[in-house]
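[1] Model the structure of this input:
(one chain, ligands or ions: 2)
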Amino acid sequence: MSNPSSALPRSLKTLALFGGTFNPVHFGHLRMALELKEALGFDEMRLLPSHQPAHRAEPRVSAQARRDMLALALEGCPELALDDRELARDGPTYTVDTLEGLREELGEEISISFCMGLDSLLGLPGWHRWERLLELAHLVVVTRPGWHMPRDGEVAELLARHCGTMDDIRGHSVGRILVREQTLLPISATGIRSLIASGRSAQFLLPERVLNYIQIHQLYRS
Ligand SMILES: Nc1ncnc2c1ncn2[C@@H]1O[C@H](COP(=O)(O)OP(=O)(O)OP(=O)(O)O)[C@@H](O)[C@H]1O
Ligand SMILES: O=C(O)c1ccc[n+]([C@@H]2O[C@H](COP(=O)([O-])O)[C@@H](O)[C@H]2O)c1
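    Numbering: from 1, shown residues only. Ligands and ions are numbered 1, 2, ... in the order given. This is a model prediction of the structure:
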């Protein structure tokens, strides 16, 4: 007699990572991570601050301070975790290195998803060894207002080849791209930095504890 459980689709443990400069972390990031975790049912969602962002000028605020603000923001939120492994590596922070390290640590029998806004996906062909990324993880992409799915080019081809569902992500450890429409809060770290630099208030855009940290350490003042 056949085993009925053999007909069930495979279901792996699912880990999601949401990487960013987080300079500073704000409610847009936090809501995006929490909503993704709840809506897609990831077992774990980690926020991953980058050390020396590969593709932009080095932030004036240290990686340690950006990490500390993230830790403050996550206090009292057991749904989201901090993963500060990128801070331990010198040189430019490349996602491919992080994912290779995670694979070495966790093995092949776990589904890993790297989450990003659509703006980040459009820049993917500029990422270091970008073609390797889908051999190490899935990508979960959240559409952002003002940004449109490409109709042609490398990213459009990538989407067509790897497009998948949450069932695919649970059933495979790597290789799918899930695109999700989600309402994002219209908040940006650039906007917050410029408010503070011009002496205005950034209250209600980011957690109070993070704002206090910014005030105590006099960050982002012009
Ligand atoms: N308001 C937002 N809601 C959801 N996701 C966001 C929001 N802003 C940025 N993201 C996403 O968060 C990730 C990290 O972004 P980042 O740390 O650069 O934040 P940012 O606010 O865009 O910063 P900056 O204004 O300095 O570029 C990226 O994948 C980006 O698409
Ligand atoms: O690996 C790369 O080449 C690469 C290039 C650009 C961005 N990333 C990653 O994408 C995430 C979002 O980056 P950012 O700068 O928009 O906050 C963050 O985890 C970065 O390390 C990675």
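
[2] From here on, just use CA atoms for contacts and neighbour counts.
    Noted.

[3] Is the helix ranked longest in the chain positioned near ligand 1?
    Across the chain, the longest stretch assigned as helix under DSSP state H is helix 27-40. Yes - for helix 27-40, a contact with ligand 1 is found by Cα under 6 Å from any ligand atom, at Gly28, His29, Met32.

[4] what ranges of the chain fall below the confidence cut-off?
    Scanning the chain for pLDDT under 70 picks out 1-8.

[5] Which residues of it lie near ligand 1?
    19-23, 28-29, 32, 116-117, 119-120, 184-190.

[6] Strands of the chain, residue ranges please.
    For the chain, strands defined by DSSP state E occupy the ranges 14-20, 44-49, 80-82, 111-117, 138-142, 177-180.

[7] any chance of these in a markdown table, with distance to Leu206 and mean neighbour count too?
    As requested, these are exported to a markdown table (distance: least, Cα to Cα, whole Å; neighbours: other Cα atoms under 10 Å):
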| stretch | distance to Leu206 | mean neighbour count |
| --- | --- | --- |
| strand 14-20 | 15 | 21 |
| strand 44-49 | 16 | 23 |
| strand 80-82 | 16 | 18 |
| strand 111-117 | 18 | 25 |
| strand 138-142 | 20 | 24 |
| strand 177-180 | 24 | 21 |
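
[8] mind giving me CSV with those strands and columns for distance to ligand 2?
    What follows is the strands of the chain, written out as CSV (distance: least, Cα to the nearest ligand atom, whole Å):
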stretch, distance to ligand 2
strand 14-20, 3
strand 44-49, 6
strand 80-82, 13
strand 111-117, 7
strand 138-142, 11
strand 177-180, 15
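
[9] Which one, of these, ends up nearest to Ile216?
    Between Ile216 and the strands of the chain, the tightest spacing by Cα to Cα is seen for strand 44-49, at 21.1 Å.

[10] what helices or strands is that closest one leaning on?
    strand 14-20, helix 27-40, helix 63-74, strand 80-82 (3 or more Cα pairs under 8 Å, 6 or more residues apart in numbering; DSSP states H and E).

[11] Go through these and name the closest to Glu157.
    Once the helices and strands packed on strand 44-49 are compared by Cα to Cα, strand 14-20 is nearest, at 23.5 Å.

[12] so what strands line up beside the closest one?
    strand 44-49 (parallel), strand 111-117 (parallel) (DSSP bridges).

[13] Contacts made by the longest one with the rest, please.
    Looking back up the chat, that one is strand 111-117. 12-19, 136-144, 169-174 (Cα atoms under 8 Å, 6 or more residues apart in numbering).

[14] returning to what we had before: include distance to Leu219 when you put the residues of helix 27-40 next to ligand 1 into JSON lines, please.
    Below are these laid out as JSON lines (distance: Cα to Cα, whole Å):
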{"residue": "Gly28", "distance to Leu219": "20"}
{"residue": "His29", "distance to Leu219": "19"}
{"residue": "Met32", "distance to Leu219": "25"}
